[in-house]
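In: Give me a 3D structure for the following:
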Amino acid sequence: MELQDDPRFIKGIEEFNSGRFFECHETLEEIWLEERGEERQFYQGIIQIAAGYYKLEQGVPAGALKLWRTGIEKLQPYSPVYLGVNVDALMTGVAANLAALEKDQQKTASALGAPTIQLLC
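Out: Now for the predicted structure:
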């Protein structure tokens, strides 16, 4: 599938990759609110993952775990690549952080290191 051509999509990916998770959530939510097709769940998955990292930054590990689980679940149908995003790599990175946080809920967002969203195009 080709890369999404909405400039807000690229902006949201750049925000995620620079650790601006709240901003990523807000940017992609604009697209999600307008979307009525099969892409809606894809955007929601990324939004939930970004919100999870934001929750962790706020010191709410339980919120991060819940959002990461639902975000990964929503992204699974779009594996391995969708709209130019390496979905498999993103899910693998988030799953690793999820497992690490489940073992030690004292871990911080900076200690875990969020994955980046890789664009393949």
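
In: Which neighbouring elements make contact with the lowest-mean-pLDDT helix or strand in the chain?
Out: In the chain, no helix or strand scores lower on mean pLDDT, DSSP states H and E than helix 109-112, which sits at a mean of 86. Packing partners of helix 109-112 (3 or more Cβ pairs under 8 Å, 6 or more residues apart in numbering; DSSP states H and E): helix 39-57, helix 87-103. Backbone N, C-alpha and C define where each C-beta goes, glycine included.

In: List the contacts of that helix.
Out: With contact meaning Cβ atoms under 8 Å, 6 or more residues apart in numbering, helix 109-112 is reached by 53, 56, 57, 97, 100, 101.

In: returning to what we had before: ranking the helices and strands packed on helix 109-112 by burial, who's on top?
Out: Mean neighbour counts were compared across the helices and strands packed on helix 109-112 using mean count of other Cβ atoms under 10 Å; the top stretch is helix 39-57, at a mean of 23.

In: Give the buried residues for the helix or strand following that helix.
Out: On the C-terminal side of helix 39-57, the nearest following helix or strand under DSSP states H and E is helix 61-75. The neighbour-count check on helix 61-75 (16 or more other Cβ atoms under 10 Å) flags 61, 64, 65, 67, 68, 69, 70, 71, 72, 74, 75 as buried.

In: for the nearest residue to the fifth one once chain neighbours are set aside, what are its contacts?
Out: This means residue 68. Leaving aside its chain neighbours, residue 68 sits nearest to residue 52 (4.3 Å; criterion: Cβ to Cβ, 6 or more residues apart in numbering). The neighbours of residue 52, taking Cβ under 8 Å, 6+ apart as the test, are 63, 64, 65, 66, 67, 68, 71, 94.

In: And residue 52, how far from residue 36?
Out: 25 Å (Cβ to Cβ, to the nearest Å).

In: Which one of the contacts of residue 52 is nearest to residue 81?
Out: Residue 81 lies nearest to residue 94 out of the contacts of residue 52, by Cβ to Cβ, at 16.0 Å.
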